[in-house]
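Peer 1: 3D model of this:
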Amino acid sequence: MPAAHRSIVVKVPVERFMAVVTDFDAYPRFLPEMEESTVLRHDGDVWVVRFAVRVVRRLEYTLRLEKLSPTRLRWSLVDGMFKANNGGWDLAEAGGGAHTQADYHIGLELGMFVPGSVMKTLVESSLPATLEAFRKEAEARG
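Peer 2: Down below sits the predicted model:
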């Protein structure tokens with residue numbers, strides 16, 4: 001399964017960055033490939049969210065996301081066009097608490113045949129842009 005891991009430093013405190021990460025309804029506004037994002041269920045620190053993204057073609061899927069702590073979020077696939085979609089965010093204070101070190105990891109496998117090298121390229125090339133979009137959104141919200 002193609003997997004990727006990236007880190008970024010964001011100039012907002014951890015709690016503000018986590019607020020952006022868990023604002024699933026806002027994703028289509030600041031993530032260019034995200035066409036739709038609908039929270040189907042929300043119970044405390046657990047969400048079930050339906051996403052639709054456009055990456056070469058439209059892909060729809062549902063994830064179960066759980067905030068394990070103020071600094072950790074994990075997700076797993078419920079259903080959709082993937083065989084697997086698992087990952088998470090790990091956040092840590094940086095800059096004396098004024099900044100966030102955000103580590104993002106994902107493992108992804110489509111439900112249709114796509115050569116591993118193509119999947120790896122898609123995951124690795126889209127990840128920096130995704131992290132940059134989260135950084136810009138968090139810093140804009142201040």
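
Peer 1: average model confidence for the strand or helix carrying residue 132?
Peer 2: Assignment of secondary structure by DSSP states H and E places residue 132 within helix 116-141. For helix 116-141, the per-residue pLDDT values average out at 80.

Peer 1: and what of stretch 30-40?
Peer 2: Per-residue pLDDT over stretch 30-40 has a mean of 95.

Peer 1: Just the C-alpha atoms of it, please, in PDB.
Peer 2: Presented in PDB, the C-alpha positions along stretch 30-40 are these (Å, rounded to 0.1, in the frame of the first residue of the first chain):
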ATOM      1  CA  PHE A  30      -9.500  25.600   1.200                       C
ATOM      2  CA  LEU A  31      -8.600  22.200  -0.300                       C
ATOM      3  CA  PRO A  32      -8.600  22.600  -4.100                       C
ATOM      4  CA  GLU A  33      -9.200  18.900  -4.900                       C
ATOM      5  CA  MET A  34     -12.000  18.600  -2.300                       C
ATOM      6  CA  GLU A  35     -15.400  18.900  -4.000                       C
ATOM      7  CA  GLU A  36     -17.600  17.900  -1.100                       C
ATOM      8  CA  SER A  37     -17.300  17.100   2.600                       C
ATOM      9  CA  THR A  38     -20.300  16.100   4.700                       C
ATOM     10  CA  VAL A  39     -20.300  15.200   8.300                       C
ATOM     11  CA  LEU A  40     -22.700  12.200   8.600                       C
END
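
Peer 1: what comes into contact with that stretch?
Peer 2: When contacts are taken as C-beta atoms under 8 Å, 6 or more residues apart in numbering, the neighbours of stretch 30-40 outside the stretch itself are 24-28, 47-55, 58, 62, 126, 129-130, 133-134, 136-137. Just so you know, the C-beta spots here come from the backbone N, C-alpha and C atoms, and that holds for glycine as well.

Peer 1: which parts of it are buried?
Peer 2: Residues of stretch 30-40 classed as buried under the neighbour-count rule (16 or more other C-beta atoms under 10 Å) are 30-31, 33-34, 37.

Peer 1: Many thanks, have a good one.
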